[in-house]
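In: need a 3D model of the following:
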Amino acid sequence: MDWGDLKYVLETVRHGGLSGAARALGVNHATVARRIAAAEVALGAPLFDRRPSGYVPTQAGRDAARTAETFEVEHASLSRSIAARDAALSGPLTVTAPHLMVQAVLAPIFGAFARAHPEIELSILGSIETLNLAEREADVAIRIAEAPHPDLVGRQAAPQKSAVYASHAYLAAFETDPERRLHWLRFLHWQPAPRDVLEVYPNTRTVMRLDDMVAMTGAVRAGLGATRMPCVLGDGDPTLARVPGLPLMPYAPLWVLTHADLRAVPRIAAFTEFVSAALRKQRHAFAGEAI
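Out: You can find the predicted model right below:
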């Protein structure tokens, strides 16, 4: 049989149907269904019951998915093992980092690294999605988190603080409001306005919820209200200013991470050390002390 077909079986079991598998694999439904059918022919057994509600794995389908998962783990381990033997300061290097951090802080650092190491082919994935470094979806992850995943190693590059920001135009109008009604823009995954904000501005009310920090920054720049963001982003944006009277607040630190099996690869070690050192030089900006 074509062992690649088992990947389609595995993703269909993982995601509970063809739609989820198609999204995960970046193909259409028909391709997933065709590859599953090919696996069933090769194995001589039905792997899924086709029901109105979708594809439901049979016992044979569950067994096939477990085998495929074993292959997946072994393949990833082999890939890391081979990559770890690469002693050259050259070749591909894939980095994942949040969009806004790339825009506001990291792009010049990446550029400096690329100039210093022209033989390293740098690819940047601007995303807040948690990519799987064990499966080599990326080699290095620059992430904002309280603590890294236990499979990852690296260093905390910058402790962070946050503050509440709004546009200059919004703040000018806000200063003339005798009731001090602060329009709060809430990031969907956060709680409502922090206690520190409500104690100073009790008339604060949420006027909009957004699920993306790029969209949130656009809303704040457009004068729709105020929100909390890392100081390195807010202080570095000339269109924004801190809302007066509010203290700095905690924020998760910035980490530069890689998989434990890859930390000794020269190009990965060179990149993580270069970026970590550059970020440490900006520690005052991350701590909100640069203004």
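In: and the helices in the stretch 1-150 of the chain?
Out: For the stretch 1-150 of the chain, helices defined by DSSP state H, counting those that start in this stretch occupy the ranges 4-15, 18-25, 29-43, 59-84, 99-101, 107-116.
In: output the below-cut-off pLDDT ranges for the stretch 1-150 of the chain.
Out: 79-88, 128-136 (pLDDT under 70).
In: cutoff 80 now
Out: 1, 74-89, 127-137, 149-150 (pLDDT under 80).
In: ok, the stretch 151-291 of the chain next?
Out: For the stretch 151-291 of the chain, residues meeting the criterion pLDDT under 80 lie at 151, 189-191, 261, 263, 290-291.
In: what's near enough to touch residue 47?
Out: When the contact criterion is C-beta atoms under 8 Å, 6 or more residues apart in numbering, the partners of residue 47 are 9, 36, 39-40, 57-58, 60-61, 64. No exception for glycine: its C-beta is placed from N, CA and C like everyone else's.
In: so how do I select the buried members of those in ChimeraX?
Out: Buried residues among those (16 or more other C-beta atoms under 10 Å), as a ChimeraX selection:
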select :9,36,39,40,57,60,61,64
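In: between the contacts of residue 47, which is nearest residue 270?
Out: residue 9 (39.7 Å; C-beta to C-beta).
In: does that closest one touch residue 36 like I think?
Out: Yes - counting by C-beta atoms under 8 Å, residue 9 sits close enough to residue 36 to count as a contact (5.9 Å).
In: picking up where we left off before, which one of the contacts of residue 47 sits closest to residue 152?
Out: Using C-beta to C-beta, the contacts of residue 47 come closest to residue 152 at residue 9, 28.9 Å.
In: what's the closest non-adjacent residue to the closest one?
Out: residue 64 (5.0 Å; C-beta to C-beta, 6 or more residues apart in numbering).
In: can you tell me how far that neighbour is from residue 185?
Out: Separation of residue 64 from residue 185 (C-beta to C-beta, to the nearest Å): 48 Å.
In: for stretch 1-12, buried residues please.
Out: 5-12.
In: show me where the stretch 101-250 of the chain has its strands.
Out: 120-126, 140-144, 152-167, 183-187, 205-210, 227-230, 240-242, 249-259 (DSSP state E, counting those that start in this stretch).
In: the fifth one - contacts with which helices or strands?
Out: In this structure, strand 205-210 makes packing contacts with strand 183-187, helix 213-221, judged by 3 or more C-beta pairs under 8 Å, 6 or more residues apart in numbering; DSSP states H and E.
In: next, the angle from the first one to strand 152-167.
Out: With axes from the mean of the first three to the mean of the last three C-alpha atoms, to 10 degrees as the criterion, the two stretches strand 183-187 and strand 152-167 enclose an angle of 160 degrees.
In: any chance you could list what contacts strand 183-187?
Out: 170, 192-193, 197, 204-211, 213, 216, 219-220, 224-227.
In: just the buried ones among those residues, please.
Out: If we count by 16+ other C-beta under 10 Å, these have these buried: 170, 193, 197, 204, 210, 213, 216, 219-220, 224-227.
In: which two from the residues you listed end up farthest apart in space?
Out: Counting by C-beta to C-beta, the most remote pair of these is 204 and 213, 20.1 Å apart.
In: burial check on residue 94, number of neighbours?
Out: If you count neighbours by other C-beta atoms under 10 Å, residue 94 ends up with 17.
In: distance check, it against residue 122.
Out: To residue 122, residue 94 is 8 Å away according to C-beta to C-beta.
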